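S.K.: here is a sequence with its predicted model. Questions after.
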Amino acid sequence: MPLIKSRLFKQAKMLVTFLVIALLSPVVLGKLDFWKTSQASPQFKSPNESISYPQSPTSYSEAISRASPAVVSIHSTKALPKDANNPLRDPFFRYFFGDTRNMQIPQEMQTGIGSGVIVTKDGYILTNNHVIQDADEITVKMSDGRSAKAKAVGSDPETDLAILKIDQKDLPIIAIGNSEALKVGDVVFAIGNPFGVGQTVTQGIISATHRTDLGISTFENFIQTDAAINPGNSGGALIDANGNLIGINNAIYTRTGGYQGIGFAIPISLAKDVMSELINQGHVTRGWLGISLGKLTDDIRKSINYPTGEGAVIAGIIRGGPAFTAGLRPGDVIISIDGKETSTPSEALSITSKLKPDTAYPIAIVRNGETLDFRVVVTKRPVKAKIEQNPTEQQ
């Protein structure tokens, strides 16, 4: 009996289980079908549900392989003055060793490393001016191991760009991208020679665009990225996810001397114009007004009776310069140059630099609440135009 009871209990349990499953199945399946339907129906979609985007590539090796052959390492050498740190001129040294006028010490050399980008098949290389500035000898090492002596063709300290030339043919060149189309969050790569370890690729995103007023150079319109940029990366390539050149790595913000996630690159849209002039004439020609501009702070607005509106206030002016001759004066607020609005000193500087020297252009200002129009004959910007210490305000 115990055995039969046990069998009956098992049979009963199985029957009950079967009935429970049979009764619950439509509910469970219905529940599953409901969730399937609700997930597919837009009217049930929660605003907090995740959104699916196209899957990112698992590798960017093709983009890197297209760009990296055109990125080079640059080694510069500079002879220091013999009088610099010369122990023979130390009076204590003379006291112990006597007359040292005929003694010679070896020439002390200063070396530097950086990067560059080949932009033409016949050997023109784009880099930073500070990488090769005052160098006595420049050597370029290519990604395939070849080395070549380089000569400086031209430089532009106000954008920190320079052009080198090596005597080589059929060199790999990099595709030029569109830096104006960049968006925050775009994937980018920095290629260069950090610390002289050899060609290195780092990945990041676009953190910001159109960075100005950083005090790095006169003409600023930087791309900001968190791709690792370190000493030796200067002059190297910043490329997009397709391997196109979008910037020239230039500087980092750091409290330690090393990478801290904030790097800056000169956009290729700016570099292209400079590069063309450096190759063709060895220098860059820009327009100049002979003024310095300041931002419209609350105190300045009160002092010049300009409570609202955009513009750049004339903070200083050179007597006899283009703007002074035309009738502009300190305190005037420039609101447009050649028909283009100028809401900041940086915008005014950029517009002015593109004007053709010895040509008259319309400039609109506000003076004592009244809008006035002038025509100013722009002259050629001096190589180092200095009116005030802040170079970003020099016009």
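M.R.: Thanks, I have the structure now.
S.K.: who does I252 form a beta bridge with?
M.R.: Beta-bridge pairing of I252 under DSSP bridges involves G263.
S.K.: show me the chain divided up by domain.
M.R.: 68-99+107-166, 180-281, 287-393 (automatic domain parsing).
S.K.: most tightly packed of those domains?
M.R.: Greatest average neighbour count among the domains of the chain goes to domain 180-281 (a mean of 20), per mean count of other CB atoms under 10 Å. (Glycine included, C-beta is placed from N, CA and C.)
S.K.: quick one: that one to chain centroid distance?
M.R.: In terms of CA atoms, centre = their mean, to the nearest Å, the centre of domain 180-281 is set 4 Å apart from its chain centre.
S.K.: using TSV, lay out the domains of the chain together with mean pLDDT and distance to S56.
M.R.: Formatted as TSV, the domains of the chain follow (pLDDT from 0 to 100; distance: least, CB to CB, whole Å):
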stretch	mean pLDDT	distance to S56
domain 68-99+107-166	88	20
domain 180-281	95	8
domain 287-393	90	34
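S.K.: distance to S59 for these - can I get that in TSV?
M.R.: Converted to TSV, the domains of the chain look like this (distance: least, CB to CB, whole Å):
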stretch	distance to S59
domain 68-99+107-166	14
domain 180-281	11
domain 287-393	39
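S.K.: so which of these is nearest Y60?
M.R.: Across those, Y60 has its closest neighbour in domain 180-281 (6.1 Å, CB to CB).
S.K.: now name the helix or strand holding the spatially most central residue of the chain.
M.R.: Geometric centre of the chain, nearest residue: A265, 1.7 Å, by CA atoms, centre = their mean. Assessed by DSSP states H and E, A265 sits inside strand 263-267.
S.K.: who touches that strand?
M.R.: 159-161, 179-180, 182, 190, 204, 209, 211, 214, 216, 221-229, 238, 246-253 (CB atoms under 8 Å, 6 or more residues apart in numbering).
S.K.: spatially nearest residue to H75 (excluding sequence neighbours)?
M.R.: Leaving aside its sequence neighbours, H75 sits nearest to T139 (CB to CB, 6 or more residues apart in numbering; 4.6 Å).
S.K.: so how far is the helix or strand containing the one you found off the chain centroid?
M.R.: Assigned by DSSP H and E, T139 belongs to strand 137-141. When distances are taken as CA atoms, centre = their mean, strand 137-141 is centred 24 Å away from the chain's centroid.
S.K.: how about stretch 115-126?
M.R.: 18 Å.
S.K.: swap in stretch 277-295?
M.R.: Put simply, stretch 277-295 sits 20 Å off its chain's centre (CA atoms, centre = their mean).
S.K.: let the chain start at 23 from now.
M.R.: Sounds good: first residue 23 from here, last item stretch 299-317.
S.K.: I359 pairs with what?
M.R.: When assigned by DSSP bridges, I359 has beta-bridge partners K362, I385.
S.K.: quick check: it touching I373?
M.R.: Yes - in this structure, I359 is within contact of I373 by CB atoms under 8 Å, at 4.7 Å.
S.K.: just say helix, strand or coil for the closest residue to K163 other than its chain neighbours.
M.R.: Excluding its sequence neighbours, the residue lying closest to K163 (CB to CB, 6+ apart) is S95, at 4.4 Å. State at S95, reduced to three classes by DSSP: H, G, I helix; E, B strand; the rest coil: strand.
S.K.: now the helices for the protein?
M.R.: Assigned by DSSP state H, the helices in the chain fall at 24-62, 83-89, 113-119, 151-154, 290-303, 320-326, 344-348, 367-375.
S.K.: the fifth one versus strand 285-289: what angle between them?
M.R.: On the basis of axes from the mean of the first three to the mean of the last three CA atoms, to 10 degrees, helix 290-303 is oriented at 60 degrees to strand 285-289.
S.K.: so what secondary structure elements neighbour helix 290-303?
M.R.: Helices and strands touching helix 290-303, by 3 or more CB pairs under 8 Å, 6 or more residues apart in numbering; DSSP states H and E, are strand 146-150, strand 169-178, strand 183-188, strand 267-274.
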